[in-house]
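coords please:
(chains A, B, C and D)
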There are 2 protein chains.
Amino acid sequence: MTTAGPGLRERKKQATRTHIAAVATRLFVEQGFEATTIAQIAERAEVAKMTVTNYFALKEDLLFDRAPEIIALLADAVAERAAGSTPEQAVAAVYRRRLEERWPALAFVGLEFARTVEASPALRTRERTMMLEQEDALAAVLVAESDDEVPARVEAARLAGIFRVLYFEARRRVLAGEDSEAVVTALESACERIWSP
Amino acid sequence: MTTAGPGLRERKKQATRTHIAAVATRLFVEQGFEATTIAQIAERAEVAKMTVTNYFALKEDLLFDRAPEIIALLADAVAERAAGSTPEQAVAAVYRRRLEERWPALAFVGLEFARTVEASPALRTRERTMMLEQEDALAAVLVAESDDEVPARVEAARLAGIFRVLYFEARRRVLAGEDSEAVVTALESACERIWSP
DNA sequence: GGAAGAAATTAGGCTCGACCTACGAAAAGG
DNA sequence: CCTTTTCGTAGGTCGAGCCTAATTTCTTCC
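Numbers count the residues shown, from 1 in each chain, chains lettered A, B, ... in the order given. As a prediction, the model looks like this:
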């Protein structure tokens, strides 16, 4: 075959994965995380129970299927930043950019999603784990750039911490009933207070 | 009753709790976390399976029974710091103090413990969750002191991040086979590089 | 275009962590 | 001493995670 592209098998796999995650997400939102069983997800998605387990090592991963995007966000932004700019500037830039775009690519900000996560200890833990994975990814980039590992990791913790605080601030405001634009405005103001003075 | 003190009932409870945690820890170290079952722990500790579950909501908690000490460490140090000193100074002071004392009160630094935790994804996750709980506790103190919540949380993330980085740096060195004094020396040096310049 | 090979999916079953309920044992307080 | 409250136990349910063997689905090479 001349045009490489992903074959039928790979495309089907991705479709199955996405489909299962979508079905699971809807059930979690409707009935809650612990009230939904893997068997039920499998039935609704019309696959075997084992297929669900096969694609998603943990039940929690069904809701956080797009976690890799967030995990890589800061590390990529810093690794690909303009020459001469600091990691901090890169993080600030990527966050402000996301605010301008109203987070088009990330689904982790809706009210229903927020409620579902907050209602389940297991999902809250999974989300926080994701945040520390993001920090690890960023740390790997900074350590590679630096000649002193510990301070590089501290800087990664600080920058990822800023992102994390803003992330949960958004969550808090969404849950408080603020509309989308109000949340964005509040976050822009928070950025100012963090980075301006 | 004149002498208040904890009654017999409360003392027995604490003894049972400590005993179960000790038995579990030994089994985890000997055979690994996932290879050890709750039933086995109950048998060795000579209590009912349900009693173990009763004291420890999650299997992971059996190893991290003393997590509250670490969780409260920074928050307490900052809340009780000398008047006029900064939160950062309080965190630096409590960490340096622990180094001087060779961590007598905290058991989270031994080689066997380190190996046991590293070998189990569930325990690694539990440990990182603990670290974020520590950050939350510190954030609560800083937010109460501040008039602007978001920057206060960012500062909590930074300070807790420093502690976390040093904690895992200790882990890494212990696993690399360094002896206790070498680890302490390395951490003191790391503190200098973080806080001096 | 068809057969051989590889990979994904399935059915069914198993272990074990987490939880529930009702009951019995032990301590605290009158 | 007797009542009340709390703690621990026995036995059982539910579901997540995992294994195996068999079957279906795609790829590849003839």
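
Please list the residues of chain A that sit near DNA strand C.
Residues of chain A lying near DNA strand C by C-beta under 7 Å from any atom of the strand: A:Arg9, A:Lys12, A:Lys13, A:Thr16, A:Glu46, A:Val47, A:Ala48, A:Lys49, A:Met50, A:Thr51, A:Asn54, A:Tyr55. Heads up, the C-betas are built off the backbone N, CA and C, glycines and all.

which stretches of chain A have low pLDDT?
Residue ranges of chain A with pLDDT under 70: A:1-5, A:8, A:104-106, A:197.

For it, which residues are neighbours of chain B?
A:125, A:128-129, A:131-132, A:135, A:148, A:150-151, A:153-154, A:157-158, A:160-162, A:164-166, A:169, A:190, A:193-194 (C-beta under 8 Å from any C-beta of the partner chain).

Looking at those, which are in helices?
The helices, defined by DSSP state H, take in A:125, A:128-129, A:131-132, A:135, A:150-151, A:153-154, A:157-158, A:160-162, A:164-166, A:169, A:190, A:193-194 from the residues of chain A next to chain B.

Quick check on the residues of chain A next to DNA strand C: which are buried?
A:Thr16, A:Val47, A:Tyr55 (16 or more other C-beta atoms under 10 Å in any protein chain shown).

Okay, and which of these map to helices?
Checking these against DSSP H, those in helices are A:Thr16, A:Tyr55.

now the buried ones among the residues of chain A next to DNA strand C as JSON lines including distance to DNA strand D?
Putting these into JSON lines (distance: C-beta to the nearest atom of the strand, whole Å) gives the following:
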{"residue": "A:Thr16", "distance to DNA strand D": "10"}
{"residue": "A:Val47", "distance to DNA strand D": "12"}
{"residue": "A:Tyr55", "distance to DNA strand D": "11"}
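
Break chain A down into its structural domains.
A:8-62, A:67-195 (automatic domain parsing).

Looking at the ones you listed, which one is packed in the most?
Comparing the domains of chain A by mean neighbour count (mean count of other C-beta atoms under 10 Å in any protein chain shown), domain A:67-195 ranks first with a mean of 17.

Straight-line length of that one, end to end?
Using C-alpha to C-alpha, to the nearest Å, the end-to-end distance of domain A:67-195 comes out at 26 Å.

Check the offset of it from the chain's centre.
8 Å (C-alpha atoms, centre = their mean, to the nearest Å).

Span of stretch A:39-58 from start to end?
Stretch A:39-58 end-to-end distance (C-alpha to C-alpha) = 14 Å.

Excluding its own residues, what touches that stretch? List them.
Residues outside stretch A:39-58 that contact it (C-beta atoms under 8 Å, 6 or more residues apart in numbering or on different chains): A:Thr16, A:Arg17, A:His19, A:Ile20, A:Ala21, A:Val23, A:Ala24, A:Leu27, A:Ile38, A:Leu62, A:Asp65, A:Arg126.

The fourth one - nearest residue in space that isn't next to it in sequence?
So that's A:Ile20. Computed as C-beta to C-beta, 6 or more residues apart in numbering or on different chains, the closest residue to A:Ile20 that is not its neighbour in sequence is A:Ala45, at 4.8 Å.

same deal with A:Ala119?
A:Gly32 (6.0 Å).

what do you get for A:Val94?
A:Ala77 is the one closest to A:Val94 (C-beta to C-beta, 6+ apart), at 3.9 Å.

which stretch of helix or strand covers the one you found?
Following DSSP states H and E, one finds A:Ala77 within helix A:67-79.

Could you tell me which other helices and strands that helix packs against?
Judged by 3 or more C-beta pairs under 8 Å, 6 or more residues apart in numbering or on different chains; DSSP states H and E, helix A:67-79 is in contact with helix A:87-100, helix A:121-145, helix A:149-175.
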